[in-house]
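Peer 1: Here is a sequence with its predicted model. Questions after.
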Amino acid sequence: MRYIIRDDKAAVGKYVGEYVAKRINAHFEVTDRPFVLGCPTGSSPLDTYKTLIQIHREGRVSFKNVITFNMDEYVALPKSHPESYHSFMWNNFFSHIDIQPQNVHILNGNAPDLVEECNQYEAKIQAVGGIDLFMAGVGSDGHIAFNEPGSSLASRTRIKTLAYDTVLDNSRFFENDPLKVPRMALTVGVQTVMDAREILVIIVGQHKAHALAKCVEEGVNHMNTVSCIQLHPNALLVSDEDATSELRVRTVRYFKGIERAQEEIEKLYGLHGHKKTASNGGSPVVSSNIA
Ligand SMILES: N[C@@H]1[C@@H](O)[C@H](O)[C@@H](COP(=O)(O)O)O[C@@H]1O
């Protein structure tokens, strides 16, 4: 995996927003096929969405031909509830860009048949040719989407019961009352994320330091599902300095050194060595072996 460290949350958002815009624009240099973006909720991606909105306002990126799939949604929380992930995405991102509403996909936690809803979601992802770039945040227990500790690393979109740690973490959005936090969610699976052509994980804050250290320095483990990205050929992790606090100093130095080398490569060959020719179904080809 590649791992980029920035000073603080705002700098992470700026980096990731610029990165995603570049990926979208690079995609349309070689194909007319829609760009398929996986989207997370939570506080971690907020600065990224702000950056993307700003870039859009400056006319540097368009979402007209972008299709999105969100990672997860609470079960039985009305869509119109201010803390539903539907509300979050429209309030913080989609209402401010030129995305076509029919291109937005968010799981329906109020569907009459939740299993069917999850199966259909997987089918819809397949129907558009898979996800080009899946952005993700991470829970303090290391979960990716709502894939709580112990989730199968081969899991697909399904119903999940939330871990108590997650209920407590998310109670900050529900008047600090854990009893108001939904106990279940629909979530894409670990394998659904892994099937994306690229994964970008945002980790910010000292409370994520343990999950980050386990993800970077330890093995792949279902108790820290974000660690699955070690098995992905094209994964990028971006964190702030606070989140590095449980990493070894030498690990931090190592990845900062890699970043400097990567910058040299980008100057020579463009974004991550992506060749600007159509192949692989029109997607830019990753030719750098730095990741
Ligand atoms: N299901 C979401 C995750 O997708 C998200 O990554 C996590 C972290 O949230 P935050 O970024 O607010 O810490 O929150 C929820 O549990």
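Peer 2: Structure received.

Peer 1: near the ligand, which residues of the stretch 1-150 of the chain?
Peer 2: Residues of the stretch 1-150 of the chain lying close to the ligand (CB under 6 Å from any ligand atom) are 40-44, 71-72, 137-139, 145-146. In short, each C-beta sits where N, CA and C put it, glycine included.

Peer 1: so where is the chain shaky, pLDDT-wise?
Peer 2: Counting by pLDDT under 70, the ranges of the chain that qualify are 271-291.

Peer 1: which of the residues of the stretch 1-150 of the chain next to the ligand tops the neighbour count?
Peer 2: Using other CB atoms under 10 Å as the contact criterion, the top neighbour count among these goes to Ala145, which has 30 neighbours.

Peer 1: what's near enough to touch Met223?
Peer 2: By CB atoms under 8 Å, 6 or more residues apart in numbering, Met223 lies in contact with 142, 149-150.

Peer 1: let's go with 6 Å and repeat that
Peer 2: Pro149 (CB atoms under 6 Å, 6 or more residues apart in numbering).

Peer 1: I'd like the distance between it and Lys214.
Peer 2: Met223 is 8 Å from Lys214, where distance means CB to CB, to the nearest Å.

Peer 1: Do a quick rundown of the helices in the stretch 151-291 of the chain.
Peer 2: 164-170, 190-194, 209-217, 249-269 (DSSP state H, counting those that start in this stretch).

Peer 1: Pipe these into TSV and attach mean neighbour count and distance to Ile106 per row.
Peer 2: Rendered in TSV, the data for the helices of the stretch 151-291 of the chain read as follows (neighbours: other CB atoms under 10 Å; distance: least, CB to CB, whole Å):
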stretch	mean neighbour count	distance to Ile106
helix 164-170	17	17
helix 190-194	22	14
helix 209-217	20	25
helix 249-269	12	33
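
Peer 1: Figure out which of those is closest to the ligand.
Peer 2: helix 164-170 (5.3 Å; CB to the nearest ligand atom).

Peer 1: Quick one: the strands in this structure, in order.
Peer 2: Assignment of strands within the chain using DSSP state E yields the ranges 2-6, 35-39, 66-70, 72-74, 104-105, 133-136, 158-161, 184-187, 198-203, 235-240.

Peer 1: Any chance of TSV for the helices of the stretch 151-291 of the chain, columns distance to the ligand?
Peer 2: What follows is these, written out as TSV (distance: least, CB to the nearest ligand atom, whole Å):
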stretch	distance to the ligand
helix 164-170	5
helix 190-194	10
helix 209-217	10
helix 249-269	21
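
Peer 1: tally of neighbours for the residue lying closest to Asp7 once chain neighbours are set aside?
Peer 2: With CB to CB, 6 or more residues apart in numbering as the criterion, Asp7 has its nearest non-adjacent residue at 5.8 Å, and that residue is Glu241. Residues contacting Glu241 under the criterion other CB under 10 Å number 16.

Peer 1: phi, psi of Glu241?
Peer 2: Geometry field for Glu241 lists phi and psi as phi -60, psi -40, criterion degrees, to the nearest 10.

Peer 1: Look up how far Val138 lies from it.
Peer 2: The gap separating Glu241 from Val138 is 16 Å, by CB to CB.

Peer 1: related to what we said a few turns ago, tell me the one of the residues of the stretch 1-150 of the chain next to the ligand nearest Gly129?
Peer 2: Using CB to CB, Met71 comes nearest to Gly129 of these, at 18.6 Å.

Peer 1: In contact with the closest one: list those residues for me.
Peer 2: The neighbours of Met71, taking CB under 6 Å, 6+ apart as the test, are 40, 145, 188.

Peer 1: Spatially nearest residue to whichever residue of the stretch 51-200 of the chain sits closest to the ligand (excluding sequence neighbours)?
Peer 2: In the stretch 51-200 of the chain, no residue comes nearer to the ligand than Gly137, which is 2.8 Å away by CB to the nearest ligand atom. With CB to CB, 6+ apart as the measure, Ser44 is the residue that lies nearest to Gly137, at 3.6 Å, once sequence neighbours are left out.

Peer 1: Good, wrapping up.
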